[in-house]
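1. fold the following.
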Amino acid sequence: MNGNTGKILEVNLSTGALSTRELPEAVYRDFLGGSALAAKIFFDRKGWLADPLGPDNPLIVMTGPLAATGLPGASRLEVCGRSPLTGIWGEASMGGHFAPDLKRAGWDGIVVTGASAKPVFLWVRNDQVELRDASGLWGLDSYETETRLPELLGEKRAKVMSIGPAGENRVRYAGIVNDRGSLAARCGLGAVMGSKQLKAIAVSHRLKTGATSPVAFADEEGMKALRQEIAERIRSDLTAASLRAYGSNMHMQLGMAISDIPTQNWRQALWEEGMEALSGMTVRKTIQTKVHACAGCPVACKRIVKVSEGPYAMAEGPGPEYEGAASLGTMLKIDNLPAVAKANELANRMGLDVISLGGTLAWAIEAFENGVLDAAKTGGIEFGWNRPDVLIALIPQIARRQGFGNELAEGVKRAAEKFGGAEYAIQVKGLEAPMHDPRAMWSMALSYATNPRGACHTKDVNLETEIGAFDVAQIGVEPTPAHSALGKAAQTIATQQVGQLLGSSVMCVYVILCFQRVEDLRRMVNLATGFNYSMDEFLRGADRSWYLKRALGNLMGMGRRDDYLPARILTPHLEGHATQLTPLLAGMNRATLKLLNTPLGRNQRLREWLARYTEKSALPSMFKNIMLMGKFSPRARAAGRRIRRRDVEELRRRTVNFDYLLEDYYRLRELDSNGVPKPERLRSLGLSEVSEALVSLRGTGIPPSRRTKRFGGVSPAGQP
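-> Alright, predicted model coming up:
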């Protein structure tokens, strides 16, 4: 077998049994690896019947066929299982250095079942695997564990993925940490690891003299040439230059210019002071000490920061990426960069998903502000906007379930169900919404509503398509205007195909934005595996992955009633006026991509010069120019004002026509009225067993959507 080893490590923590499961090549051809293969394993084990925090819930750690290739962006892995936060299919992606070492040690993945009677860690050295006592590690944060465990093993090169106190205490949005700043954060899979009393997994690979690597590639010479080609293209790529210069937080200013940055719990359209304080440019000028990269990646999008003095002093370590800066900054109306960096560091150490953390705290602030919560209920905590000290004090309390932190550890959906204030709880299927606003680009509404794990922006490339950074036309679908419902369902399905391919090959979305072509990803996979997929077969595999995950959600009780978005993120902002600059930004980016694909634009020296110019001059001036355009752009009317006739069309553009979007999506996806895939569609993808498992659900129990009444917002009549 090429690209994969064919071996899965099976760990039963209840019995201590360790075994090897070999999968047939046909399974890899159908599901490839990553989250798609994990979903297949989960289905075969009937994981949907397990309690998310019970011993039968399989925790699946899975690499892809590219993990040992040394290709940029291929050093990721997927962690999957039933989410304790949402109760449905959960998956989270992690970068860093763990995945290549696991693959080179001879394993495609690890499946952990059962629960240990005491804390343990798993130690993998090539084919030598053992469980060891972790009592001395229990209670340590993730940074301490990552330092201590290699010392304990006498193996400095060991790579470690671990949980912090949040996972140990089963916080429902606990993540799993490696390389300090790289987290499998979403869906609370760190809590699953904690429920099994599995503190960490450590891996090391060493080839004996004369031994061959456990991973072979179908075309070794072709892979070597491709590595060099991709590295050269990235070196002169403008997206790579932007990420290298400012990290993912380059989006802070661009996003604020198009009203894409959630501010004050999605209430406020623009916040220029916060944008300036938290941007990638400000990070670089003030607290950044160097950049950091995942294994084999020349993009180096991660920031290393240090705060030398003051109340938020922190040692040198990973800084906030965009989602952290927005979740712990703009969402809470905090514009103190050192405080946000400190809060981000604490969240990493505790092993908390910053998106869920920020969304839950934003609900608490607004609930407190409106009398849903009071000091008697919160144990004396006075919630309010721009209270960094409260944020920093609460993070360890949430991780350890102390005081009111115990309530916040349940996530925003459960907290709102217990105390009230559901209108302030911005979540889909129980997963707190990430930091991109559907009102800035309507396709994100479908992304959040229809992703199998809940509100998600990383399992498709809708965001990148809407801002003109990715050309979805290459797989047969034309991009659509940001504020139109026409064609959005077809666009979303196409971008979800790309997302599923990234999840099964386990490739970083930033890197595919650098080399742009899905054809390149297909070429990588074929060189690694020898499967020689046609593009149609490649995309068919993406559909197989999505439909399997959707069906798993149905088997766990998810239906059309769950494919909704809160009213707040479908209707105009409560404060300020949103811009209309998404189409302008998209046009600028598409024009740039078009230029770079001309004979002149493909000149390597010119591209390298443009990359340097982008980093040092173009990006800073672009941020300012876009904001200048934003100041003179037409504004949406604020909610609550009297709507005059000339404002009706403007209001329509600012109110997401979600009913039309969802109806069109269901039609194209061939989902029935309950949101369940139709049998013929599943059978066409080779998922007959899945169709049979769903038979009992069809026509029973999963009620249809309550439509507009569920959303509580304006739903414009007439044309979309």
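
2. number of nearby residues for the nearest residue to Met250 once chain neighbours are set aside?
-> Counting by C-beta to C-beta, 6 or more residues apart in numbering, Met250 lies nearest to Gly280, which is 4.5 Å off, once chain neighbours are set aside. Bear in mind the C-beta positions are built from the backbone N, C-alpha and C, glycine included. Residues lying near Gly280 (other C-beta atoms under 10 Å) number 28.

3. tell me the contacts of Gly280?
-> Contacts for Gly280 were tallied using C-beta atoms under 8 Å, 6 or more residues apart in numbering; they are Ala245, Tyr246, Gly247, Ser248, Asn249, Met250, His251, Met252, Gln253, Arg303, Tyr322.

4. Leu153 and Val160 touch, don't they?
-> No. Counting by C-beta atoms under 8 Å, Val160 is not a contact partner of Leu153; they are 9.4 Å apart.

5. burial measure for Gln228, as a count.
-> Gln228 has 10 nearby residues by other C-beta under 10 Å.

6. give me the distance between it and Glu221.
-> Per C-beta to C-beta, to the nearest Å, Gln228 is found 11 Å from Glu221.

7. same question for Leu346.
-> Using C-beta to C-beta, we find Leu346 at a distance of 48 Å from Glu221.

8. more neighbours: which of these two?
-> Ranked by neighbour count (other C-beta under 10 Å), Leu346 and Glu221 place Leu346 first, with 22 against 9.

9. grab the nearest non-local neighbour of that one.
-> Ile395 (4.4 Å).

10. would you say that neighbour is within a helix?
-> Yes. Assessed by DSSP: H, G, I helix; E, B strand; the rest coil, Ile395 belongs to a helix.

11. domain assignment for the protein?
-> 7-204, 247-432, 443-573+671-711 (automatic domain parsing).

12. for the longest helix seen in the chain, buried residues please.
-> Of all the segments of type helix in the chain, defined by DSSP state H, the longest one is helix 535-555. Using 16 or more other C-beta atoms under 10 Å as the test for burial, helix 535-555 gives 538-555.

13. what is the least confident helix or strand in the protein?
-> Counting by mean pLDDT, DSSP states H and E, the chain has its least confident helix or strand at helix 708-711, which shows a mean of 30.

14. ok so, going back, identify the contacts common to Leu153 and Val160.
-> Common contacts of Leu153 and Val160 (C-beta under 8 Å, 6+ apart): Ala202.

15. higher neighbour count, these two?
-> Counted by other C-beta under 10 Å, Leu153 and Val160 do not tie: Val160 has more neighbours, with 26 against 17.

16. residue closest to the middle of the protein?
-> Central residue of the chain (C-alpha atoms, centre = their mean): Thr458, 4.4 Å from the mean position.

17. ok, it touching Met94?
-> No. Look at Thr458 against Met94 with C-beta under 8 Å: they stay out of range, at 11.8 Å.

18. give the contact list for the residue nearest to Leu346.
-> Applying C-beta under 8 Å, 6+ apart to Ile395 gives the contacts Ala343, Leu346, Ala347, Met350, Leu352, Leu357.

19. just for this structure, where's the confidence low?
-> 208-212, 621-623, 627-654, 697-720 (pLDDT under 70).

20. returning to what we had before: so of the contacts of Ile395, which ones are in helices?
-> With helices taken from DSSP H, the overlap with those comprises Ala343, Leu346, Ala347, Met350, Leu357.

21. with respect to Gly3, which of those is nearest?
-> Ala347 (34.9 Å; C-beta to C-beta).

22. skipping adjacent residues, who's closest to the closest one in space?
-> Val354 (5.1 Å).

23. if I look at the one you found, how far off is Gly576?
-> With C-beta to C-beta as the criterion, Val354 and Gly576 are 24 Å apart.

24. do Arg233 as well
-> With C-beta to C-beta as the criterion, Arg233 and Gly576 are 40 Å apart.

25. also Leu595?
-> 34 Å.

26. higher neighbour count, these two?
-> Gly576 (18 against 11).

27. roughly how far does the closest residue in space to the more buried one that isn't next to it in sequence sit from Met281?
-> With C-beta to C-beta, 6+ apart as the criterion, Gly576 has its nearest non-adjacent residue at 3.7 Å, and that residue is Ala269. Using C-beta to C-beta, we find Ala269 at a distance of 22 Å from Met281.

28. which parts of the stretch 601-720 of the chain are helices?
-> Applying DSSP state H, counting those that start in this stretch to the stretch 601-720 of the chain gives helices spanning 604-613, 619-631, 648-654, 658-669, 679-684, 688-694, 708-711.

29. the stretch 251-400 of the chain too?
-> Remark: helices assigned in the stretch 251-400 of the chain by DSSP H, counting those that start in this stretch are 251-257, 272-278, 280-286, 322-328, 337-350, 354-369, 375-378, 388-399.

30. return the set of buried residues in the second one.
-> Residues Gly274, Met275, Glu276, Ala277, Leu278 are the ones in helix 272-278 that count as buried (16+ other C-beta under 10 Å).

31. same for it, what does it pack against?
-> Packing partners of helix 272-278 (3 or more C-beta pairs under 8 Å, 6 or more residues apart in numbering; DSSP states H and E): helix 251-257, helix 337-350.

32. CA atoms only: put that helix into PDB for me.
-> Output in PDB follows, covering the C-alpha atoms of helix 272-278 (Å, rounded to 0.1, in the frame of the first residue of the first chain):
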ATOM      1  CA  GLU A 272     -12.100  50.600  14.200                       C
ATOM      2  CA  GLU A 273     -10.300  51.000  17.500                       C
ATOM      3  CA  GLY A 274     -10.500  47.300  18.200                       C
ATOM      4  CA  MET A 275      -9.400  46.500  14.700                       C
ATOM      5  CA  GLU A 276      -6.300  48.700  15.000                       C
ATOM      6  CA  ALA A 277      -5.400  47.400  18.400                       C
ATOM      7  CA  LEU A 278      -5.700  43.700  17.600                       C
END
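
33. pull the residues that contact it.
-> Against helix 272-278 from outside (C-beta under 8 Å, 6+ apart): 249, 252-253, 256, 261, 263, 282, 325-326, 329-330, 333-337, 340, 627.

34. Leu582 contacts Trp442, correct?
-> Residue 582: Thr, not Leu. No. Thr582 lies out of contact with Trp442 (C-beta under 8 Å); the separation is 9.6 Å.

35. show me whatever sits in contact with both of those two.
-> Here Thr582 and Trp442 share the contacting residues Ala482, His483, scored by C-beta under 8 Å, 6+ apart.

36. between the two, tell me which one has more neighbours.
-> Ranked by neighbour count (other C-beta under 10 Å), Thr582 and Trp442 place Trp442 first, with 30 against 25.

37. residues contacting that one?
-> Counted by C-beta under 8 Å, 6+ apart, Trp442 has contacts Ala482, His483, Ser484, Ala485, Lys488, Val656, Asn657, Leu661.

38. mind exporting stretch 370-382 as CSV, just the C-alpha atoms?
-> Only the C-alpha atoms of stretch 370-382 are listed here, as CSV (Å, rounded to 0.1, in the frame of the first residue of the first chain):
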residue,chain,number,x,y,z
ASN,A,370,-30.1,42.4,30.4
GLY,A,371,-30.9,41.0,33.8
VAL,A,372,-31.0,37.3,32.8
LEU,A,373,-28.0,36.8,35.1
ASP,A,374,-27.1,38.7,38.3
ALA,A,375,-24.4,38.6,40.9
ALA,A,376,-26.3,36.1,43.0
LYS,A,377,-26.4,33.6,40.1
THR,A,378,-22.8,34.2,39.0
GLY,A,379,-21.2,33.9,42.5
GLY,A,380,-20.4,37.6,42.6
ILE,A,381,-18.9,38.0,39.1
GLU,A,382,-19.8,41.3,37.5
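
39. what about it, distance to the chain center?
-> Centroid separation for stretch 370-382 versus its chain: 32 Å, with C-alpha atoms, centre = their mean, to the nearest Å.

40. likewise for stretch 237-252?
-> For stretch 237-252, the distance from its own C-alpha centre to the chain's C-alpha centre is 18 Å (C-alpha atoms, centre = their mean).
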